[in-house]
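Student: The following comprises the amino acid sequence and a computationally predicted model.
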Amino acid sequence: MVISMSSTIERVRTGIPGLDDLIYGGIPKRNIVLLSGGPGTGKTIFSQQYLFYGLQHNEPGVLVALEEHPVQIKRNMATFGWDIKKYEDDGMFAIVDAFTGGYGESVKREKYVVRSVDDMAELIDVVKQAIKDTKAERVAIDSVSTLYLTKPAMARSTLMQLKRVLSGLGATAVLVSQVSVIERGFGGPGVEHAVDGIIRLDLDEVNGELIRSLIVWKMRGTRHDLHRRPFDITDKGIVVYPNKIVKSRGELRITESASIIGGEENE
Ligand SMILES: Nc1ncnc2c1ncn2[C@@H]1O[C@H](COP(=O)(O)OP(=O)(O)OP(=O)(O)O)[C@@H](O)[C@H]1O
Ligand SMILES: [Mg+2]
């Protein structure tokens, strides 16, 4: 479902509790959003939650798997209660297997297999086909970093190519970008400017405890919240606390704040 809030632009709800408040109702339709963060920060869970929410609201989706085996992905999703089998059977959901390279049983089971991940043309062809077949409105790529890890100079052009295909076909996409634990950026200069939005997920150790937080760094086409907000990963997925602020990452304090939409801080 695409909803509209505070303006007439079409938005795609992430369905992640608390997050849509931070972006005034959802991601502007056809935006390509970089989901950037270090290891274990929740990027994969976020992207799967985004897709599954869409399926539950009759919006088809495609997951491009570059990091994990499709079987492992399905198993992990099921632990959150996100059972995609029904949607796969209905032709509303597809996993593009760009992980196994066509080796093993996967090639028989999966319909969309990319044999050489280094071959962008092949990847794009398979992704296009999956989007057309499922009529996908949501796409997640986990992760785009894998596509240019060994050739950083190609990062921007790779992303621009993907962006043209994805938004050209009407999809609203989240692209997972891996950064190292200490890196301040989001995945490289070419990458950061090419995308329409950036949501940064973080995990910080404070007094011997890991604290999760996120910040919407950019979102073309809409106003958005500018605070670092705490979030949790529960057995139902990610829950963001839009009324709490993480004051400082080094010396963390979580404070209450007014609600985002209609709250004082945004007036
Ligand atoms: N059922 C659960 N309940 C609470 N937390 C969980 C649950 N399952 C996973 N997690 C947390 O989520 C983390 C994994 O999140 P995720 O796979 O999304 O990370 P990621 O950002 O994709 O990392 P990477 O870059 O290494 O792929 C685990 O390390 C764990 O802390
Ligand atoms: Mg991951």
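Tutor: Everything's here; your move. Ligands and ions are numbered 1, 2, ... in the order given.
Student: Okay, P60 and ligand 1: tell me how far apart.
Tutor: Distance of P60 to ligand 1, given as CB to the nearest ligand atom, to the nearest Å: 22 Å. From N, CA and C alone the C-beta is placed, and that goes for glycine too.
Student: With G101 instead?
Tutor: Relative to ligand 1, and taking CB to the nearest ligand atom, G101 is found at 19 Å.
Student: was I right about that residue contacting S116?
Tutor: Yes. Because the distance of 7.0 Å satisfies CB atoms under 8 Å, G101 is recorded as touching S116.
Student: and the helix or strand harbouring A94, what does it pack onto?
Tutor: Element membership of A94, judged by DSSP states H and E, is strand 93-97. Judged by 3 or more CB pairs under 8 Å, 6 or more residues apart in numbering; DSSP states H and E, strand 93-97 is in contact with strand 61-65, helix 70-79, helix 85-89, strand 112-113, helix 120-134.
Student: how big is the angle separating the last one from strand 93-97?
Tutor: Orientation note: helix 120-134 sits at an angle of 170 degrees relative to strand 93-97 (axes from the mean of the first three to the mean of the last three CA atoms, to 10 degrees).
Student: Correct me if wrong: M160 contacts A194.
Tutor: Yes. Using CB under 8 Å, M160 makes contact with A194 at a distance of 5.5 Å.
Student: could you pull out the helices for the stretch 101-250 of the chain?
Tutor: 106-109, 120-134, 145-148, 155-168, 189-194 (DSSP state H, counting those that start in this stretch).
Student: Just send those back as a markdown table, with mean pLDDT and mean neighbour count too.
Tutor: Listed next are those as a markdown table, based on pLDDT from 0 to 100; neighbours: other CB atoms under 10 Å:
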| stretch | mean pLDDT | mean neighbour count |
| --- | --- | --- |
| helix 106-109 | 68 | 13 |
| helix 120-134 | 97 | 18 |
| helix 145-148 | 93 | 20 |
| helix 155-168 | 95 | 18 |
| helix 189-194 | 86 | 17 |
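Student: Which one, of the ones you listed, ends up nearest to ligand 1?
Tutor: helix 145-148 (8.7 Å; CB to the nearest ligand atom).
Student: near ligand 1, which residues of the chain?
Tutor: 37, 39-45, 79, 178, 233-235 (CB under 6 Å from any ligand atom).
Student: Buried subset of the residues you listed, written for ChimeraX?
Tutor: In ChimeraX, this line selects whichever of the residues of the chain next to ligand 1 come out buried by 16 or more other CB atoms under 10 Å:
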select :37,41,42,43,44,45,178,233
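Student: Next step: the residues of the chain next to ligand 1 restricted to strands.
Tutor: Members of the residues of the chain next to ligand 1 lying in strands (criterion: DSSP state E): G37, Q178, I233, T234.
Student: May I ask which two of those are separated the most?
Tutor: Q178 and T234 (23.3 Å; CB to CB).
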